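Trainee: have a look; sequence and predicted model below, questions after that.
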Amino acid sequence: MHNSIEMYLLLIPAVLVFAYLLWIRLRLSLAKHPSLRGHAKWSRRMARLVPYYSFGPECFFSSDGAPPEVADQRRAGIDRLLRQLHARSPRSIEFGATLEDRISDVNFTSAYRVPFPYREGLAKALRQGSIVDRSEGVRLRDIDGNWRYDLSGSYGVNVFGYDFYKDCLTEAERIAGPLGPVLGPYHPVIRDNVERLQAISGLDEVSFHMSGTEAVMQAVRLARYHTGRSHLVRLCGAYHGWWDGVQPGVGNQRKTSDVYTLRDLSERTLKVLETRRDIACVLINPLQALHPNADAAGDATLVSSSRSAHFDRASYTRWLQQLREVCTRRGIILIFDEVFTGFRLAHRGAQEYFGIQADMVTYGKTLGGGLPVGVLCGRHQLMQRFKQAQPANIAFARGTFNSHPYVMAAMNVFLQRVQEPYYQRLYRAADDLWNERARQLNDQLAAAQLPLRVANMHSIWTVLYTVPSRYNWMYQFYLRDQGLELSWVGSGRLIMSLNYSDDEFAAVMQRFIEAARQMAMDGWWWQSEQLTQRGIQRQLATEMLRARFGLQPVASRPPATSDTITAITGRTP
């Protein structure tokens, strides 16, 4: 009897500890977003289960159940797009075709411009990127002499217009030219860069890198080094570069066990931060405020009209303030990844825009004045790469091309010019101006009864589709046909430089609307009672199941020479 009592007395604490650990684990699970985006391991497992299938000519134009006459409209629409493309850009098409099997990036972006079932059925001429040889103002010229208004923003580099950066590069050559590509010693201009970056970031020290990914890697390494903790927190859907340490889901083949992907705008996430002892840092990509808990939008995943985005500045500011408070209490390093938003949302970036001071900030893109760069700014105690009492305990980080003289010179020109009154006025007016432009475009789209709208965060936009459709990804090709330059993600992300005049933006709006009108006329937004969002999801699930078990009769793979017009339309151009 006595032994039984002792056993129970020992068992009770063990049960309580187990229950507590189970509750902690459950709280972590509840803080994850319920979608696959919030569960990195499951998303990778599911990605491996998605089978490849391709619509042959008999189904490419009617995968949504459209009748033959609508399929013929669509076929004629692509036929016309191809004829116009071949007439306008023969050199670009020929040149682009020589790159696809030689440059892996081109191969990848060409394949993922559209959802994969339509990939092989769409002519390579449409899937190819632009080959450009000149920029001027807000436009780019391809090698056939065609000028297009730029909505690609050079992936975020172009904040003030291409002429601004060409001037930065010209002046950088004058400053750094006498020294040349000397690495190791610093060019004297570096001191002014550091002082300006200290003032902009509100932080003490600076380290220079060659890309935003490298700057994020260094920030995370130093956060773990100084806190002695193992895990970082990233918010669901956020992108922080291609390093596997911040990309635990699809796209990374290495198992990552020291990253928590938690829900954006969630009290449960705050609870996890408040109670766990293994969190070194929280990474914030401020651009996520445009589409919380969703991946950056791209047309390769536009298989329905479920894309959503909405920016609420006040709400996201309150959320960041709560994060800041919790991180301060718990000794967690708050890192703002401003590689994309830095120097676009405001002179001091998202820190100024949202009124939050981070412990570390990473910059990139535009800061190099047109040259590749990554920068990390942080507090003194966080930036130190060694421990005074442990001289062999270091956090090593270097780079052969860090602080390259030409990059430092172009950066210096950039940092000086953005402080000029003209650019400061641009900053002050930008938020209201771009919100008003988005409203104007949405009003015109509504007046024309066209089934799309735009959502924006400042000068960064995404296109939303308001009727069920499996063919929204076609809109990118109509936009290009109207003389608008897009990045490889198509209508998912449009980035405009702040120097767009009212007249130039009006020209973009006119092309935007005309592209949508033409797409509607070609039957891509055909509707029926059966074509609902749920119905599309059922179609997709059925197709994947049939493909998984080899039962997909409509997915005959076209021949390898499907880049000709004849192979896709059944007609000769």
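Mentor: Great, that's in hand.

Trainee: how about low-confidence regions in this protein?
Mentor: Low-confidence segments of the chain (pLDDT under 70): 1-3, 5-12, 14-21, 23, 552-573.

Trainee: ok, and the closest non-adjacent residue to the spatially most central residue of it?
Mentor: Centre of the chain computed as the mean C-alpha position; nearest residue by Cα atoms, centre = their mean is residue 296, 4.5 Å away. In this structure, residue 296 finds its nearest non-sequential neighbour in residue 239, 5.7 Å apart by Cβ to Cβ, 6 or more residues apart in numbering. Placement of C-beta: from N, CA and C, glycine included.

Trainee: so where do the helices sit in the stretch 251-400 of the chain?
Mentor: Counting by DSSP state H, counting those that start in this stretch, residue ranges of the helices within the stretch 251-400 of the chain are 267-275, 313-330, 349-354, 380-383.

Trainee: and these, which is most packed in?
Mentor: Mean neighbours per residue, mean count of other Cβ atoms under 10 Å, is largest over these for helix 349-354, with a mean of 22.

Trainee: packing partners of it?
Mentor: Packed against helix 349-354 by the contact rule (3 or more Cβ pairs under 8 Å, 6 or more residues apart in numbering; DSSP states H and E) you find helix 313-330, strand 333-338, strand 360-364.

Trainee: same thing but 6 Å
Mentor: With contacts defined as 3 or more Cβ pairs under 6 Å, 6 or more residues apart in numbering; DSSP states H and E, helix 349-354 has these neighbours: strand 333-338.

Trainee: report the buried residues of the strand it packs on.
Mentor: 333, 334, 335, 336, 337, 338 (16 or more other Cβ atoms under 10 Å).

Trainee: for the stretch 1-150 of the chain, which segments count as strands?
Mentor: 132-136, 139-142, 147-150 (DSSP state E, counting those that start in this stretch).

Trainee: got the CA coordinates for stretch 270-286 in PDB?
Mentor: Output of stretch 270-286 as PDB, limited to C-alpha atoms (Å, rounded to 0.1, in the frame of the first residue of the first chain):
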ATOM      1  CA  LEU A 270       1.400  36.600 -29.600                       C
ATOM      2  CA  LYS A 271       0.700  34.000 -27.000                       C
ATOM      3  CA  VAL A 272       3.400  31.700 -28.500                       C
ATOM      4  CA  LEU A 273       5.900  34.500 -28.500                       C
ATOM      5  CA  GLU A 274       5.000  35.400 -24.900                       C
ATOM      6  CA  THR A 275       5.500  31.900 -23.500                       C
ATOM      7  CA  ARG A 276       8.200  30.000 -25.500                       C
ATOM      8  CA  ARG A 277      11.800  30.200 -24.500                       C
ATOM      9  CA  ASP A 278      13.400  29.000 -27.700                       C
ATOM     10  CA  ILE A 279      12.600  31.900 -30.000                       C
ATOM     11  CA  ALA A 280      15.600  34.000 -31.100                       C
ATOM     12  CA  CYS A 281      13.900  36.400 -33.500                       C
ATOM     13  CA  VAL A 282      10.800  37.300 -35.400                       C
ATOM     14  CA  LEU A 283      11.200  38.100 -39.100                       C
ATOM     15  CA  ILE A 284       8.700  40.700 -40.600                       C
ATOM     16  CA  ASN A 285       8.300  41.300 -44.300                       C
ATOM     17  CA  PRO A 286       6.200  44.500 -44.300                       C
END
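
Trainee: neighbours of residue 413, just the number please.
Mentor: Neighbour count for residue 413, taken as other Cβ atoms under 10 Å: 22.

Trainee: before we move on, which element is it in?
Mentor: helix 405-417 (DSSP states H and E).

Trainee: may I have that helix as PDB, with CA atoms only?
Mentor: Output in PDB follows, covering the C-alpha atoms of helix 405-417 (Å, rounded to 0.1, in the frame of the first residue of the first chain):
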ATOM      1  CA  PRO A 405      33.800  50.500 -54.400                       C
ATOM      2  CA  TYR A 406      31.300  50.900 -57.300                       C
ATOM      3  CA  VAL A 407      28.400  49.700 -55.100                       C
ATOM      4  CA  MET A 408      29.400  52.000 -52.300                       C
ATOM      5  CA  ALA A 409      29.700  54.900 -54.700                       C
ATOM      6  CA  ALA A 410      26.300  54.200 -56.400                       C
ATOM      7  CA  MET A 411      24.800  53.800 -52.900                       C
ATOM      8  CA  ASN A 412      26.200  57.100 -51.800                       C
ATOM      9  CA  VAL A 413      24.700  58.900 -54.800                       C
ATOM     10  CA  PHE A 414      21.400  57.300 -54.100                       C
ATOM     11  CA  LEU A 415      21.400  58.200 -50.400                       C
ATOM     12  CA  GLN A 416      22.300  61.800 -51.100                       C
ATOM     13  CA  ARG A 417      19.700  62.300 -53.900                       C
END
